[in-house]
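1. predicted model, plus sequence, below.
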Amino acid sequence: MQLKPFTAILPTTSGLKKITSGTTTDWTAADEQLQTTPAYYWYELTSHGIHQWRLLANWTAPATVTTMEPAAINTVLYPQQPVIEMLIDDWVGHFPKACDVTDPAGTTHRLWQITDADVLADITETMAAVTPRKTWLTTTPTPLVMLVAEPEWTKFDQPLTMPTHLIRLG
């Protein structure tokens with residue numbers, strides 16, 4: 001997969017309050033902020049004490065993919081990668097937490113912003129050799145992708161969804 005870091009738009013404090021309450025119909029420019037640095041994002045979803053990790057990245061060349069969950073950001077399974085797992089286990093706490101919010105369903109969504117040049121290079125290099133798993137649903141390309149290791153995907157009986165305004169391409 002040809003991936004690269006991206007400049008994201010994330011919720012401000014007022015945006016996080018709207019996501020928490022589930023009242024995002026009146027979303028305005030004041031509810032979001034453009035980040036200053038391209039990054040990858042670890043996306044941690046927590047429900048009933050179970051954690052699932054996803055990697056948010058930008059496609060360098062749009063490609064039709066198969067997705068597990070049709071949405072504005074394709075959710076793509078990939079075979080577990082030891083380097084990526086090591087980065088999650090060993091380094092996630094060293095990166096700034098960009099967002100932490102609990103939605104009305106009780107699912108906690110956390111984004112960890114990865115901007116360290118060496119780690120960005122490791123992720124890009126590791127994922128370049130990975131072929132996404134083919135699934136049942138072929139979809140059109142999206143500029144962002146959520147990559148989920150196969151063992152992570154099986155942690156929940158039903159897929160958890162990302163709040164609409166949690167992150168987007170800047």
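-> Sure thing, it's come through. Residues are numbered from 1 along each chain as shown.
2. past the helix or strand bottoming out on mean pLDDT in the chain, which element shows up next along the chain?
-> Least confident element among the helices and strands of the chain, by mean pLDDT, DSSP states H and E: strand 138-139 (a mean of 62). Helices and strands here follow DSSP states H and E; after strand 138-139, the next one along the chain is strand 144-149.
3. that next one: partners in the sheet, and parallel or antiparallel?
-> strand 50-59 (antiparallel), strand 74-78 (parallel) (DSSP bridges).
4. now, of these, which is deepest in the fold?
-> Greatest average neighbour count among the strands paired with strand 144-149 goes to strand 74-78 (a mean of 23), per mean count of other Cβ atoms under 10 Å. C-betas here are computed from N, CA, C, even on glycine.
5. so after that strand, what's the next helix or strand?
-> By DSSP H and E, the next helix or strand past strand 74-78 is helix 82-91.
6. only the buried residues of that following helix, if you could.
-> Ile84, Leu87, Ile88 (16 or more other Cβ atoms under 10 Å).
7. so the first one versus Pro151, what's the distance?
-> The span separating Ile84 from Pro151 equals 12 Å under the rule Cβ to Cβ, to the nearest Å.
8. what of the second one?
-> With distances taken as Cβ to Cβ, Leu87 is found 16 Å from Pro151.
9. for Tyr40, same thing?
-> Going from Tyr40 to Pro151 by Cβ to Cβ gives 20 Å.
10. do the same with Gly93
-> Applying Cβ to Cβ, the value for Gly93 to Pro151 is 21 Å.
11. quick check: longest helix of the chain.
-> helix 117-128 (DSSP state H).
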